[in-house]
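Asks: Next comes the sequence, and after it the predicted model I'd like to discuss.
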Amino acid sequence: MLIRATILTLCLCGAAFGQINAGDPVKLKAGGGVVIPGDASVDSVTLGSTDPTTNEGRVTWDPSNEVLMIGAAGGRINTAKGSTTGVALTASALDANPAAHLTQYCADRNADGSCATLQDLDDLQGILRTRQSGFMLGADGGAALADADDQETIWSNVFGSGVTVTKIWCQSDAGTPIVQLQRDDGTPADMCTANLTCTTTGATCTVAAAEDNLAADEEIDFLMVTAGGTAARVSIFVVWTVD
């Protein structure tokens, strides 16, 4: 009987096989996983490359900008500056001042993915704290509204926190009915410094500084001061911020 044995010899000669040194090519297998230096596999990208746009799916380090980039279809993802299109944000204010990430964010982007509008984070906090509520009385095509069409509790602060009203807006389907909102903490008081005359295009009033803040469980009442005999519907919107 003939027995054949095959002996596999692995030689680790010269530079250590499996050791990654600065400038060594770090290769990625097509099916996943990393190929260590010394392997002649394809699909490689050298650490330090500054052009990841042709290296889809690969991670590179851009030493000039000190950012980590991930090749993406049609471009790159730049983890420090947020580009996902392969176009660096060199023309944007965000690129000119990367430290702005600590206090600012990109509110709007250009078609190429670069930042068009830089916004302060303080402004974003204000936007996130802003809410609006609406109330409608009557209906288009319905009977004309009357002076007696007052409504209590069109809004109640069940939010659990104090809120500050910043805007009161009214629109009517026809005519110019005159209305008023009242903050009701047990003693109703006008929220508009003067009665609000609604229009078909919408109108606002000046909010009274002494009545713009509603604590938890306080309410807003609606007063129809003068209906006018023409309007069949009025819509009220109130903008408020969480304290």
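Replies: All right, it came through fine. Numbering: from 1, shown residues only.
Asks: Just say helix, strand or coil for residue 127.
Replies: Per DSSP: H, G, I helix; E, B strand; the rest coil, the secondary structure class of residue 127 is helix.
Asks: how far away is it from residue 113?
Replies: 22 Å (C-beta to C-beta, to the nearest Å). Heads up, the C-betas are built off the backbone N, CA and C, glycines and all.
Asks: Compare the two (neighbour count), which wins?
Replies: residue 113 (21 against 10; other C-beta atoms under 10 Å).
Asks: where does that one fall, phi/psi-wise?
Replies: When read as degrees, to the nearest 10, the backbone of residue 113 gives phi 90, psi -10.
Asks: which stretches of the chain have low pLDDT?
Replies: Counting by pLDDT under 70, the low-confidence segments of the chain come to 1-105, 124.
Asks: give me that answer again for 80
Replies: 1-107, 113-115, 118-128 (pLDDT under 80).
Asks: show me where this protein has helices.
Replies: 93-96, 121-129 (DSSP state H).
Asks: Could you export the longest one as PDB, CA atoms only?
Replies: So the one you mean is helix 121-129. The C-alpha coordinates for helix 121-129 follow below in PDB (Å, rounded to 0.1, in the frame of the first residue of the first chain):
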ATOM      1  CA  LEU A 121     -27.900  75.000  18.000                       C
ATOM      2  CA  ASP A 122     -29.600  77.500  20.200                       C
ATOM      3  CA  ASP A 123     -32.000  78.200  17.300                       C
ATOM      4  CA  LEU A 124     -32.600  74.500  16.900                       C
ATOM      5  CA  GLN A 125     -33.600  74.200  20.600                       C
ATOM      6  CA  GLY A 126     -36.100  77.000  20.100                       C
ATOM      7  CA  ILE A 127     -37.500  75.300  17.000                       C
ATOM      8  CA  LEU A 128     -38.000  72.000  18.900                       C
ATOM      9  CA  ARG A 129     -39.700  73.800  21.800                       C
END
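Asks: which parts of it are buried?
Replies: Within helix 121-129, no residue counts as buried by 16 or more other C-beta atoms under 10 Å.
Asks: Tell me how the chain divides into domains.
Replies: 22-88, 127-242 (automatic domain parsing).
Asks: Right, I'll leave it there.
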